[in-house]
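K.L.:
attaching a predicted model along with its sequence, questions to come.
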Amino acid sequence: MAKVTVRYWAAAKAAAGTAEEPYEAATLAEALDAVRARHSGSGELARVLLRCSFLVDGDPVGTRGHETVRLADGGTVEVLPPFAGG
């Protein structure tokens, strides 16, 4: 299991109630399952995660299956909800 930091942005940060949290997970799917379990009382975060894109150590996950995205010890998962900007 890798020790990673999950960083939340915009609506994900508001729903999680924090900017970042540590997790232990081998894949992105495991990390997101742990996020959902930790915040099981917040249906809002679960809803936001459905619309998010993710960066793992700065690389976009894109359409890859989350169970195939391996996490490195000391890595970072960025949770990016859709947002508009100019």
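P.N.:
Received it, and whenever you're ready, just let me know what you need.
K.L.:
buried ones in the top helix by length along the chain?
P.N.:
Looking across the chain with DSSP state H, the single longest helix is helix 28-38. Buried residues in helix 28-38, counted by 16 or more other Cβ atoms under 10 Å: 28, 30-32, 34-35. Glycine gets a C-beta too; all of them are placed from N, C-alpha and C.
K.L.:
between those residues, which is closest to R70?
P.N.:
For the buried residues of helix 28-38, the closest approach to R70 (Cβ to Cβ) belongs to L28, at 8.2 Å.
K.L.:
shouldn't that closest one be in contact with F54?
P.N.:
Yes. Under the criterion of Cβ atoms under 8 Å, L28 makes contact with F54 at 6.4 Å.
K.L.:
what residues are shared contacts of these two?
P.N.:
61, 66, 69, 77 (Cβ atoms under 8 Å, 6 or more residues apart in numbering).
K.L.:
direction included, what does the helix or strand containing the last one pair against?
P.N.:
Of the helices and strands defined by DSSP states H and E, V77 is found in strand 76-80. Note on strand 76-80: by DSSP bridges, its sheet partners are strand 2-8 (parallel), strand 53-56 (antiparallel).
K.L.:
and the contacts of the first one?
P.N.:
Counting by Cβ under 8 Å, 6+ apart, the neighbours of strand 2-8 from elsewhere in the structure are 15-16, 18-26, 31, 35, 70-79.
K.L.:
among these, name the buried ones.
P.N.:
15-16, 21, 23, 25, 31, 35, 71, 75, 77-79.
K.L.:
thinking again about what came up before, which one of the strands paired with strand 76-80 is the most hemmed in?
P.N.:
Most buried of the strands paired with strand 76-80, by mean neighbour count (mean count of other Cβ atoms under 10 Å): strand 2-8, with a mean of 20.
K.L.:
can you show me the CA trace of it as CSV?
P.N.:
Output of strand 2-8 as CSV, limited to C-alpha atoms (Å, rounded to 0.1, in the frame of the first residue of the first chain):
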residue,chain,number,x,y,z
ALA,A,2,1.2,3.4,-0.9
LYS,A,3,0.8,6.4,1.4
VAL,A,4,-0.6,9.2,-0.7
THR,A,5,-2.1,12.7,-0.2
VAL,A,6,-5.6,13.3,-1.7
ARG,A,7,-6.0,17.0,-2.4
TYR,A,8,-9.5,18.4,-3.0
